[in-house]
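Asks: just coords:
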């Protein structure tokens with residue numbers, strides 16, 4: 001009776017910080033910066049084939065002699081690290097050769113960025129459905145996946161910039177949705193405490209300024225709410241040479257008038273599950 005090959009170990013990947021890989025046995029050893037770059041480049045492709053020539057161009061500004069052979073060595077080492085129990089001559093199942101290059105077969109939920117993106121999308125639906133409590137729990141868990149800047153090993157690589165920016169944008173959205181959930185739960189002090197650090201790094205986020213002003217107002221700090229809107233105007237004018245959008249201008253007028261809609265009824269602020 002022939003012996004069936006063992007199923008490959010489940011592999012998870014981390015890109016919300018330095019690039020990592022792990023199995024249930026523990027971290028997968030990654031040898032050197034360029035091997036990490038190869039893994040990162042394949043992960044950024046999201047299941048699409050990356051040609052060998054593209055890998056060469058992305059790893060070296062001027063390709064040295066033997067660059068293609070070096071790529072093959074990096075790939076062979078990665079395969080051994082990702083599937084250590086794969087028998088000889090058994091085809092790989094994770095890092096696969098597919099003309100004209102290689103493709104990484106990883107489910108979205110095997111990558112921390114994929115789980116993060118799915119969670120942020122789900123929290124948008126939860127907030128729209130009036131369920132801030134599970135949205136807040138999901139956002140806390142999702143933001144906890146971050147270990148540093150996305151693709152931290154690849155910050156200077158042109159091919160990584162678009163994906164890094166996309167994930168950073170999702171992270172900023174998650175922080176703002178967390179503040180929205182806190183406000184819906186009747187916890188404006190917490191929302192007001194968390195937002196200034198976010199705005200210090202992202203001062204042109206007008207929605208974050210709106211949330212900060214509303215949070216301060218609901219916490220009984222009308223003057224601080226107006227100060228936040230004045231600061232938002234100063235920042236936008238200094239950086240972009242234009243006034244803030246109409247939403248912030250309307251909010252300032254509403255705060256000055258103490259508009260009733262700015263303070264939701266207690267029933268609306270109570271958590272819904």
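Replies: Cool, the structure landed. Just so it is clear, the model here is predicted, and its values are computed rather than measured.
Asks: For residue 220, list the residues it contacts.
Replies: Neighbour list for residue 220: empty [criterion: C-beta atoms under 8 Å, 6 or more residues apart in numbering]. Bear in mind the C-beta positions are built from the backbone N, C-alpha and C, glycine included.
Asks: Could you report the separation of it from residue 189?
Replies: According to C-beta to C-beta, to the nearest Å, residue 220 stands 9 Å off from residue 189.
Asks: do residue 46 as well
Replies: 40 Å.
Asks: Can you name every helix or strand that the longest helix anywhere in the chain contacts?
Replies: Ranked by residue count and defined by DSSP state H, the top helix of the chain is helix 161-184. Counting contacts by 3 or more C-beta pairs under 8 Å, 6 or more residues apart in numbering; DSSP states H and E, helix 161-184 packs against helix 112-128, helix 132-143, helix 188-201, helix 206-218.
Asks: Any chance of a markdown table for those helices, columns distance to residue 229, mean neighbour count and mean pLDDT?
Replies: Formatted as a markdown table, these follow (distance: least, C-beta to C-beta, whole Å; neighbours: other C-beta atoms under 10 Å; pLDDT from 0 to 100):
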| stretch | distance to residue 229 | mean neighbour count | mean pLDDT |
| --- | --- | --- | --- |
| helix 112-128 | 23 | 17 | 97 |
| helix 132-143 | 24 | 20 | 97 |
| helix 188-201 | 12 | 17 | 96 |
| helix 206-218 | 5 | 23 | 97 |
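Asks: Turn those into CSV, including distance to residue 163.
Replies: CSV is the format used below for the helices and strands packed on helix 161-184 (distance: least, C-beta to C-beta, whole Å):
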stretch, distance to residue 163
helix 112-128, 8
helix 132-143, 17
helix 188-201, 19
helix 206-218, 23
